[in-house]
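Novice: Here is a sequence with its predicted model. Questions after.
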Amino acid sequence: MKGKTIFASLVTLGFLCSFVFATMVGLALTMRDIALIPAILIGIGATLVWSLLVWLISPWIMDLVQRWIYTARPMSIDELGQYRPAVATFVQQVCDRHRIKVPRLKFIDDMTPQAYCYGSYANNARLVTTRGLLHYLDDEELKAVYGHELGHIVHRDFIIMTIAATLLSILWNTYIIARNIRGKNNSRPGYPIALVAFVFWWMGNYMLLFLSRTREYYADSFAGAETGNPNALSMALIKIAYGLTKMEPTPFSQKFLGGTRAMGVSDFKSASSAGYAYQAMNQQGPGAPQPAYAGAPAQAAAYPQATAAPVAVTLDGVRRIEKVMLFDLYNPWGTVSELGSTHPLTGKRIRALGEQSQTLGQRPLLSFDRIDAQGQALDMGRLYSTFMFEVVIYFAPHILGAMFAVLSLGSLVIAQPVLAGAFGGLIIFGIGLGMVIKGFYRFPSLGEPPYMSVIDLMSDPYASPLKGRPVILEGTVIGRAAAGSKLSEDVMIEDRQGGLMVINYESPLGGLGNWWFATRRVGKLMQQQVRVVGWFRRGVSQLVDLKTMRTQTGDLVNSWTAFWGKCGGVLVLLIGLGVAAFGAFSAMQDTPASKSSHATSTGSGAAPAATTAPATAIAPPVATTTVKAPPASPPHPRPAVPATPKPATKHP
């Protein structure tokens with residue numbers, strides 16, 4: 001595994017470096033103004049300095065976040081040794097063997113089982129665990145989880161991932177610079193380089209995720225080698241990642257929780273059914289075989305059988321766990337979902353750990369021959385036809401938005417300015433229509449949903465990350481989905497059979513309402529038994545989109561997850577219609593025909609009868625002035641002209 005991880009890391013970083021080099025060369029060739037090159041170099045240098053600064057100070061910033069938001073407190077190795085001496089000894093031995101300091105241990109008082117680490121380099125690392133993790137796992141499993149996190153520290157994953165992220169930042173800054181380069185006549189000569197840089201940045205993000213998944217496999221291998229027990233980490237992953245946690249309480253868990261009651265806002269004694277780790281084996285009653293991994297039998301013998309809680313998840317034990325893994329290994333949605341995840345699918349991690357067990361001469365916890373046989377018996381036609389259909393539904397906003405964009409562009413070619421004016425509105429309309437289709441598919445009608453257990457839901461190999469399955473769960477709220485976070489509105493519940501499930505809540509007021517719910521109401525839900533109605537979805541992780549949650553005291557929590565999933569698309573669709581209508585109306589007002597009609601109506605000189613004529617009118621309106629015509633002259637004969645009288649003649 002070490003050689004594969006080093007090779008994958010070098011290849012990934014090599015590709016990212018080549019992407020940066022190619023875009024920088026293209027940018028230099030595009031820059032005709034030599035005076036701008038120093039400014040670009042200064043910008044790249046500033047990116048490097050900023051990344052270095054963030055890398056150095058980020059642990060202290062995270063310390064503040066952990067203390068203020070997650071209420072994490074320091075926990076010394078000696079304190080861990082008071083409750084888990086074997087685990088504390090293991091942590092100390094691993095650090096001594098690899099010549100690093102023991103990480104600064106931190107503790108979050110939340111029953112959600114989580115563990116993670118952060119830091120700049122090996123000797124200033126922090127390792128965070130939650131109460132739930134220490135409560136659900138036995139010593140061997142907890143050693144394996146600590147070993148996994150120590151693997152990240154020993155392998156200097158902080159540094160490697162920071163280098164990769166810095167290269168991505170340079171690609172993004174190159175895209176921004178190239179996009180804003182202006183040439184003569186306000187041209188954009190940097191657009192080709194900007195497009196290339198953006199594509200490289202987009203590809204680099206997926207390469208960064210691939211690098212992260214590779215380092216996770218490497219950390220798993222480290223834990224298996226250090227504990228000599230890869231099966232223990234497999235069992236821990238089943239409990240944490242799959243949420244299948246049910247077994248009798250141990251003296252360890254009782255002692256630890258008794259000593260940490262005063263550390264948080266909730267009292268563990270009020271949780272009547274929370275925190276019993278499920279043993280993945282055939283539970284056939286007294287005398288059932290013990291788990292097939294080292295360390296568990298000895299500790300199992302110490303469990304107080306007289307006070308053992310009833311094990312409700314009894315249907316085939318390991319066989320049911322194997323069926324849970326079918327989604328990861330055979331459902332195409334599992335592989336697609338993994339591409340956008342920092343962690344590999346749990347089933348693939350357990351398979352790799354099983355192979356490591358075989359190299360150590362141990363029997364793997366699970367039989368993958370049996371799992372593969374069950375996988376080959378699945379209806380592959382149903383799996384892939386449903387997958388292809390749901391891919392279309394998933395990308396419906398993109399597809400319909402692109403279709404309406406093509407129609408709008410086509411309107412320019414065929415000279416229809418009405419559609420051209422509504423260009424933006426048509427695209428928004430198409431996106432909104434796709435969102436509506438996607439939303440209604442994601443949240444089908446609840447009808448009368450069945451009561452289900454977490455393991456029943458997880459055993460469905462045909463589950464989908466897109467289409468929700470109506471379901472009713474009953475259990476106890478044990479913590480927040482983001483363990484300890486005061487801003488986490490989502491919660492974790494443990495059902496009656498010991499399974500864990502994240503419940504996704506959405507406020508009608510959006511993010512602001514989620515914040516109010518997280519700070520005002522989530523704390524009051526802790527350790528309450530609840531009845532959850534919603535939609536189950538599964539991808540890399542699993543959750544239930546909440547519709548309603550009713551507590552044992554009668555309080556009702558209404559979630560608007562489906563409302564936003566459906567009505568959000570309707571809102572976008574209506575906005576698109578409004579923009580399109582406005583664009584079409586504006587285009588009609590600006591057409592030559594409308595302008596000609598407007599000119600004719602205002603320049604012909606004609607006026608309604610009741611309208612006063614302008615001062616320049618040739619003839620006044622008939623209604624205001626009457627002119628009498630002179631009498632007509634008779635045609636013929638002409639009027640007689642009187643004869644001139646002759647003068648009188650006088651005689652002598």
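Specialist: Looks like it arrived, so ask away.

Novice: pLDDT below threshold where in this structure?
Specialist: Within the chain, the segments meeting pLDDT under 70 span 31-37, 39, 182-188, 246-318, 410-422, 587-652.

Novice: switch to 50 and redo it
Specialist: 247-315, 604-652 (pLDDT under 50).

Novice: just the strands in it please.
Specialist: 73-74, 104-108, 115-118, 126-130, 469-480, 491-495, 500-504, 529-538, 542-551, 556-558 (DSSP state E).

Novice: which of those is buried the deepest?
Specialist: Of all the strands of the chain, strand 491-495 has the most neighbours on average by mean count of other C-beta atoms under 10 Å, namely a mean of 26. To be clear about C-beta, it is placed using only N, CA and C from the backbone, and glycine gets the same treatment.

Novice: Could you check the angle it makes with strand 469-480?
Specialist: 110 degrees (axes from the mean of the first three to the mean of the last three C-alpha atoms, to 10 degrees).

Novice: tilt between strand 491-495 and strand 529-538?
Specialist: Going by the same axes, to 10 degrees, strand 491-495 makes 100 degrees with strand 529-538.

Novice: Just the angle for strand 491-495 relative to strand 500-504, thanks.
Specialist: 140 degrees.

Novice: strand partners of strand 491-495, parallel vs antiparallel please.
Specialist: Take DSSP bridges as the rule and strand 491-495 pairs in its sheet with strand 469-480 (antiparallel), strand 500-504 (antiparallel).

Novice: nearest to T551, of those?
Specialist: strand 469-480 (8.3 Å; C-beta to C-beta).

Novice: Endpoint to endpoint, stretch 87-105 covers what distance?
Specialist: With C-alpha to C-alpha, to the nearest Å as the measure, stretch 87-105 spans 13 Å from end to end.

Novice: quick revisit: select, out of the strands of the chain, the one closest to A28.
Specialist: Among these, strand 115-118 sits nearest to A28 (C-beta to C-beta), with 36.9 Å.

Novice: what sits up against the closest one?
Specialist: Here strand 115-118 makes contact (C-beta atoms under 8 Å, 6 or more residues apart in numbering) with 58-59, 62, 103, 125-130, 133, 145-146, 148-149, 152-153, 158.

Novice: Keep only those of those residues that are in helices.
Specialist: Using DSSP state H, the subset of the contacts of strand 115-118 located in helices is 58-59, 62, 133, 145-146, 148-149, 152-153, 158.

Novice: Touching, P450 and L473? I think so.
Specialist: No. Using C-beta atoms under 8 Å, P450 is not in contact with L473, being 10.5 Å away.

Novice: In stretch 89-106, which residues are buried?
Specialist: Within stretch 89-106, the residues that qualify as buried are 90-91, 94-95, 100, 102-106, counting by 16 or more other C-beta atoms under 10 Å.

Novice: outside of it, which residues touch it?
Specialist: 66, 72-77, 80-81, 117, 119, 122-129, 143, 146-147, 149-150, 153-154, 226-227.

Novice: with the ones in helices among the contacts of strand 115-118 in mind, which one is nearest to W564?
Specialist: Using C-beta to C-beta, those come closest to W564 at M62, 30.9 Å.

Novice: ok, the closest one - contacts?
Specialist: 118, 126.

Novice: 7 Å instead?
Specialist: By C-beta atoms under 7 Å, 6 or more residues apart in numbering, the residues touching M62 are Y118.

Novice: Let me have the strands paired with strand 491-495 in a markdown table, extended by distance to L409.
Specialist: As requested, the strands paired with strand 491-495 are exported to a markdown table (distance: least, C-beta to C-beta, whole Å):
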| stretch | distance to L409 |
| --- | --- |
| strand 469-480 | 40 |
| strand 500-504 | 39 |
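
Novice: for the strands of the chain, which one sits closest to D372?
Specialist: Short answer: strand 529-538, nearest of the strands of the chain by C-beta to C-beta, at 20.3 Å.

Novice: helices or strands next to that closest one in the packing?
Specialist: Contact here means 3 or more C-beta pairs under 7 Å, 6 or more residues apart in numbering; DSSP states H and E; on that basis strand 529-538 packs against strand 469-480, strand 542-551.

Novice: Emit the ChimeraX select command for whichever of the contacts of stretch 89-106 are buried.
Specialist: For the buried members of the contacts of stretch 89-106, the matching ChimeraX selection, counting by 16+ other C-beta under 10 Å, is:
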select :66,72,75,77,80,117,119,122,124,125,126,127,128,129,143,146,147,149,150,153,154,226,227
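
Novice: Check the gap between F387 and G14 for me.
Specialist: 33 Å (C-beta to C-beta, to the nearest Å).

Novice: Which one of these two is surrounded by more residues?
Specialist: F387 (18 against 10; other C-beta atoms under 10 Å).

Novice: so the more buried one sits right up against W333, yeah?
Specialist: Yes. Counting by C-beta atoms under 7 Å, F387 does reach W333; the two are 6.0 Å apart.

Novice: Could you find the closest non-adjacent residue to A241?
Specialist: Leaving aside its sequence neighbours, A241 sits nearest to T346 (C-beta to C-beta, 6 or more residues apart in numbering; 4.2 Å).

Novice: dump the residue contacts of that neighbour.
Specialist: T346 sits in contact with 237, 241-242, 328, where contact means C-beta under 7 Å, 6+ apart.

Novice: Please apply the same query to G475.
Specialist: G475 touches 493-496, 530, counting by C-beta under 7 Å, 6+ apart.

Novice: closest one to G432 among the strands of the chain?
Specialist: strand 542-551 (20.8 Å).

Novice: quick check: angle from the closest one to strand 491-495?
Specialist: In terms of direction (the same axes, to 10 degrees), strand 542-551 departs from strand 491-495 by 80 degrees.

Novice: now for strand 542-551, which elements pack on it?
Specialist: Using 3+ C-beta pairs under 7 Å, 6+ apart: strand 542-551 touches strand 500-504, strand 529-538, strand 556-558, helix 561-589.

Novice: out of everything not next to it in sequence, what's closest to F198?
Specialist: Y175 (4.8 Å).
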